[in-house]
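Asks: Here is a sequence with its predicted model. Questions after.
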Amino acid sequence: MTMTFLGRLRNVFRPEAKMSSLELFREIYGGRASKSGVTVGWQQAIEVAAVQACCRVLANGVAQVPFPLMQEKDGRRIRVTDHPVAMTIRRPNRWQTSYTLRETIMLHIALTGNAFVWKGMVGSARELRALEPIEPGMVTVQRAPDGTLTYKVTAPDGATMVFDASEIWHIRGPSWAPWLGMDAVKLARDAIGLAIAIETTQADYHKGGAQVSGLLSMKNKVGAERYALVASWLDKHIVGGERAGKPLFLDDDAHYTPFGMTGVDAQQLETRKMQIEEICRAFGVMPIMIGQSDKAATYASAEQMFLAHVVHTLAPWYSRIEQSADAELLSQDDRDNGFYFKFVPNGLLRGAAKDQAAVFSAALGSAGPGTAWMAPNEVRELMDLDPIPGGDELPRGQMPAAPGGSNGTN
């Protein structure tokens, strides 16, 4: 039976490098102050609705599409299901599925720039049998002068253990130092901090009762008894409800001045909208993907934005994770034998039935001899249909002409 990550920590942790509770808290959950004065770490950031939505969109996009192990052999590409790594990806540990593993990995990368996954390997062949994500705040990456990486993991009780690079699958986000991803929240802390500050100000404002609707000024002094009488009269006769649109009569030289939204209030609302867009820019997510769109958007333009989200936002993450998995989870022999990981986002790219039919028709050579670049079974596979006899060959008289010359590998 494969030992779990926490089980190994309990057996091997070295207690000599203890940290105080305060130091541990700062190490794992600490943040840095933004220009707005708000301290921003990943925990504060994810409580901001726009940040949470961006992270959810990225995590869902990575987790919801198939992530099979493929093999290119004899000019064909096939899905592999009986390889130990493929089986581990499908059931990485006792708590997670392939979906939730990739969801957690993407959340960690989106917020911290790094994801760390312990690789449970068994036997002399070091076959992969488990994958368990580690909270990024628990890990310190150490680089030796010769470039060797080690991973120092700090347990909740303060004990530490150093793991060899072969035991950790480290997926990096955009990085300046090639061995460590940049802290995504740190880079965007001013935009996130301002969003938190504005939201806090608005919450405090409404907690205090928001603003009054208007001011009633009277010529003579109003005592407690007269104040109660006027207040009761206003409750009954103020414009609104059944009196909507009717005039208001006041005596005793009284004047009523209504209060509307001030320029400051209006500007604060615009600032809140701007911060949503700023946060989207920081995470590389189009605002429409988190429910923020302008009035000029149409159904057609929204559809193109959704497709652009797959191409320009998710596809780079797909390539990053694919290549990392190839390098970290597969052996050199596996790679030499044509094994590779591949995200299959075809379901996200499906358009209207008419558009899809037009694309498949062209792929099968509807424009004439020599124009086909897909075989019938390739199209059927994209539609989750069973292959047909003879469907692996291009139509007679057609020659392969795949656009861009890509073979689909990394």
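Replies: It's in.
Asks: Helix, strand or coil: sort out Lys119 for me.
Replies: At Lys119, secondary structure determined by DSSP: H, G, I helix; E, B strand; the rest coil is strand.
Asks: Quick one: find the helix or strand in the chain with the lowest mean pLDDT.
Replies: Counting by mean pLDDT, DSSP states H and E, the weakest-scoring helix or strand in the chain turns out to be helix 21-29, with a mean of 42.
Asks: what about the helices in the stretch 201-350 of the chain?
Replies: Assignment of helices within the stretch 201-350 of the chain using DSSP state H, counting those that start in this stretch yields the ranges 224-237, 263-283, 299-308, 315-329, 332-336, 346-349.
Asks: quick one: which of these is nearest Ser166?
Replies: helix 315-329 (8.9 Å; Cβ to Cβ). Bear in mind the C-beta positions are built from the backbone N, C-alpha and C, glycine included.
Asks: Let me know which of the helices of the stretch 201-350 of the chain is tucked in deepest.
Replies: Most buried of those by mean neighbour count (mean count of other Cβ atoms under 10 Å) is helix 315-329; its value is a mean of 17.
Asks: what is the rounded mean pLDDT of it?
Replies: Average pLDDT, helix 315-329: 96.
Asks: for that helix, packing partners?
Replies: helix 49-63, helix 98-112, strand 168-172, strand 339-341 (3 or more Cβ pairs under 8 Å, 6 or more residues apart in numbering; DSSP states H and E).
Asks: How about residues contacting it?
Replies: Helix 315-329 has contacts (Cβ atoms under 8 Å, 6 or more residues apart in numbering) with 58, 61-62, 85, 89, 102, 105-106, 109, 119, 128, 169-173, 335, 339-343, 345, 410.
Asks: 6 Å instead?
Replies: Identification of contacts with helix 315-329 by Cβ atoms under 6 Å, 6 or more residues apart in numbering yields Val62, Val85, Trp169, Ile171, Tyr340, Phe341, Phe343, Asn410.
Asks: right, and the helices and strands packed on helix 315-329 - which one's nearest Lys186?
Replies: Among those, the nearest to Lys186 by Cβ to Cβ is helix 98-112 (8.9 Å).
Asks: How far away from the center of its chain is the closest one?
Replies: Computed by Cα atoms, centre = their mean, to the nearest Å, the chain-centroid distance of helix 98-112 equals 8 Å.
Asks: and it, what other elements does it pack with?
Replies: helix 49-63, strand 114-122 (3 or more Cβ pairs under 6 Å, 6 or more residues apart in numbering; DSSP states H and E).
Asks: what's the closest of those to Pro387?
Replies: Nearest of the helices and strands packed on helix 98-112 (Cβ to Cβ): helix 49-63, 27.8 Å.
Asks: And for stretch 139-148, what's in contact with it?
Replies: Phe116, Leu149, Thr150, Tyr151, Lys152, Val153, Trp179, Leu180.
Asks: Leaving out sequence neighbours, find the closest residue to the second one.
Replies: What it means is Leu149. Among residues not flanking Leu149 along the chain, Ala165 sits closest, at 4.5 Å (Cβ to Cβ, 6 or more residues apart in numbering).
Asks: swap in the fifth one?
Replies: In space, Lys152 comes closest to Thr140 once its chain neighbours are excluded; the distance is 4.4 Å by Cβ to Cβ, 6+ apart.
Asks: before we move on, which element is the one you found in?
Replies: Assessed by DSSP states H and E, Thr140 sits inside strand 139-143.
Asks: Same question for that strand: list its buried residues.
Replies: Neighbour counts over strand 139-143 (16 or more other Cβ atoms under 10 Å) mark Val139, Val141 as buried.
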